[in-house]
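**Q** Sequence and computational prediction follow.
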Amino acid sequence: MADLRPSLSATQNGTYQWLLVLNIGSRTIQVNTGDPVTITGKDGEVYEFKGGLGPANYERTLDLWASTPSPRSQSFQVFLDFDIALQIARGTPLFAASGELSQWYDGTPWEERRVVLRGTLEEPSYGPLNEPFAFSLTENPIEDRAVIPEPSWTVQEGVTFTEGATVGPDPGIIGAQYPLVIGAPGQAPGVGTTSTFRSNDVPATPVLLVRRDTSSSTLTNFRLLIAGGEVTTTDIKIVNLTNESKTFSTSIIATDTDGLGQSYSYVNPTLGKDPAEGDQLYAIWDPDDGGGVRNWWGTGTLRGAGDVIRWALQQSTLRVDHSRLGELTILNSFKVDAFINAPISPWSWVSSNLLPLLPVSVATGPDGLYVTPWLVAGLSNEDAVEVIEEGRNAIRQGNVVYTSSDSVFNEITIRFAPNASTGSPALRRVITSQGNHDASDPNSSPNLWCTRSQGIFGTKRLDIETKVVYDTATAESILQYMARRHSHPRREVIYSVPRKMDWLRPGDVVKVTDADLHLSEVIGYLGSIAYGDDSLTVQVIIFEPLVFSR
């Protein structure tokens, strides 16, 4: 499939048409804007389009703040050369019909068309022969039917674990889900403790007593399940909150399979540390010793945010643009430490727990959904791919508009490192203005962007609580990004540009020059591109230079 960005030569020298392919039952309908056209593929296959399609007026957009893309839809009316009412009467399942909308430049092969929408036909409307067939071609890019962890990762007596007169799982954990451990949750430097058994860490993941033998004191007859699947850790601390004298650490990590053949990781208690039924057991993981799931794209533990997003997407049922997932490696400096012990779709988990914390946008392209990082380190002139200049290659459409100050925040608190036994975060960090900064509070940091913002808007607070971060450096990086994003409104301005600039795509960095607005090569983002008959309309998003420069 062609990249979302067409070749420069095609946009400079050619004209394009919209192609619509419909699959209704056993029939394929191919229509296009303009006159009928024949397109040849690189393999010699011929595709005939018969014309008859009205203007598509399609718009490509990128919502910079959204962690989930909205369903995309385009409405059409076409005249069919067969009696669709008759086909439906004969049992053709119209609700199963699908379609594809693409943009094709004259003279290019079929494979280089730019697919902009693939989906199903929603709310179709038809009449007798020679009446128009109306419908919306709709793609929902986030309908994920996969589930993690497997629902069968559950303690079931006599099914996943043996139950006998004296041997079996703790009755109190029957029905509990094996935790799927990502990263190494538990380390919380600075939290402090009065316990002699814990220092700078918190109980992080549940531990399940899946085997205990009440007739024997042999330690191997006690199995403490620490995670479903295999793990990378070489050492782990097991905290017994019911009897802290039985807290222990061990470097002997074993794996086995349950009664359904599912792999799990476990430890045996050390001498004198065997738990009793009903004890509250938790694990504390240390990233220096490894962690949970193995990294699929390198050595060690799956922990970098970019790799975690890739891992989740590859386990989903979504149509994913895998060619763009490599861009996510820049996010691996953000560390993810978490566990999942209730079935959830991979996309739901990522989009609700991880993406809202990160400098990313979610979009869909010709090959599916992708997550693209941005503003990880600010912007510079070197990032720009084009200059949009009023009067030379652009005509401004209307005035500059500021976004609402309702989304401005300039004192931001993040609470992180959740204590699994209490459900509350153990740590916090605050970023604020120089005036509001409390020098006696080691958790507070002054910030230039917040200082300027508070001078304009007053103090506006935002509280964030996360269950997927224990690493302090990651929490502080999230605060820096949030201050960059929220401390000032942004400006938006619309320009009409020639069709030859169609090689641009939403999310591109551009420079804007507009003498009447006193803008000279100001850095901005393309938010959307809409198609007219002879030109494009582009939305340029301009951020406050103070916070978006580097």
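**A** Ah, there it is.

**Q** what separates the residue nearest to N419 when sequence neighbours are not counted from A426, distance-wise?
**A** Here the nearest residue to N419 in space, its sequence neighbours aside, is V202; by C-beta to C-beta, 6 or more residues apart in numbering that works out to 4.5 Å. C-beta here means a position set from N, CA and C on the backbone, and glycine is covered the same way. Shown here: V202 relative to A426, a distance of 5 Å by C-beta to C-beta, to the nearest Å.

**Q** any idea where the strands of the stretch 301-450 of the chain begin and end?
**A** Secondary structure of the stretch 301-450 of the chain (DSSP state E, counting those that start in this stretch): strands located at 338-340, 360-365, 368-373, 386-389, 395-396, 401-402, 411-419, 424-432, 444-446.

**Q** for the chain, longest helix please?
**A** In the chain, taking DSSP state H as the definition, the longest helix is helix 472-486.

**Q** which parts of that one are buried?
**A** The neighbour-count check on helix 472-486 (16 or more other C-beta atoms under 10 Å) flags 472, 474-475, 477-486 as buried.

**Q** list residues touching both of V202 and A426?
**A** With contacts taken as C-beta atoms under 8 Å, 6 or more residues apart in numbering, V202 and A426 have 188, 191, 417-419 as neighbours in common.

**Q** any chance of these in a markdown table, with neighbour count too?
**A** Output for the shared contacts of V202 and A426, formatted as a markdown table (neighbours: other C-beta atoms under 10 Å):
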| residue | neighbour count |
| --- | --- |
| A188 | 25 |
| V191 | 17 |
| A417 | 27 |
| P418 | 26 |
| N419 | 18 |
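
**Q** Tell me which of the residues you listed has the lowest pLDDT.
**A** Ranked by pLDDT, the shared contacts of V202 and A426 bottom out at V191 (68).

**Q** Any stretches of the protein with poor pLDDT?
**A** Where the chain drops to pLDDT under 70, the residues are 1-14, 56-68, 164-166, 191-199, 214-220, 365-366, 375-378, 547-550.

**Q** Domain-wise, how is it divided?
**A** 8-139, 144-154+166-356, 381-403+490-548, 405-486 (automatic domain parsing).

**Q** Are we agreed that Q77 is in a strand?
**A** Yes - according to DSSP: H, G, I helix; E, B strand; the rest coil, the state of Q77 is that of a strand.

**Q** rewinding a little: which of the buried residues of helix 472-486 sits closest to G298?
**A** Nearest to G298 out of the buried residues of helix 472-486 is T474 (C-beta to C-beta; 18.4 Å).

**Q** hmm, back to that, and V202 and A426? which has more neighbours close in?
**A** V202 (25 against 21; other C-beta atoms under 10 Å).

**Q** can you pull the contacts of that one?
**A** Contacts here follow C-beta under 8 Å, 6+ apart; on that basis V202 touches 186, 188, 191, 284, 417-420, 426.

**Q** May I ask which two of those residues are separated the most?
**A** Maximum pairwise distance among the contacts of V202 (C-beta to C-beta): 13.6 Å, between V191 and A420.

**Q** circling back to that earlier point, specify which member of the contacts of V202 is nearest to T120.
**A** For T120, the nearest member of the contacts of V202 is P418. The distance, counting by C-beta to C-beta, is 39.9 Å.

**Q** and the gap between that closest one and E123?
**A** In this structure, P418 lies at 44 Å from E123, with C-beta to C-beta as the measure.

**Q** now do H518
**A** Per C-beta to C-beta, H518 is found 48 Å from E123.

**Q** what about those two, which has more around it?
**A** Neighbours around H518 and E123, counted as other C-beta under 10 Å, are more numerous at E123. The numbers are 10 against 7.

**Q** Surely V181 and A227 touch.
**A** Yes - in this structure, V181 sits in contact with A227. The criterion is C-beta atoms under 8 Å, and the distance is 4.4 Å.

**Q** what touches both of those two?
**A** By C-beta under 8 Å, 6+ apart, the residues touching both V181 and A227 are 205, 292, 339.

**Q** Let's see if you can find the most crowded of those.
**A** Top of the shared contacts of V181 and A227 by neighbour number is G292, holding 29 neighbours under the definition other C-beta under 10 Å.

**Q** Quick one: neighbours of the closest residue to that residue other than its chain neighbours, just the number.
**A** Excluding its sequence neighbours, the residue lying closest to G292 (C-beta to C-beta, 6+ apart) is V181, at 2.9 Å. Neighbour count of V181, defined by other C-beta under 10 Å: 30.
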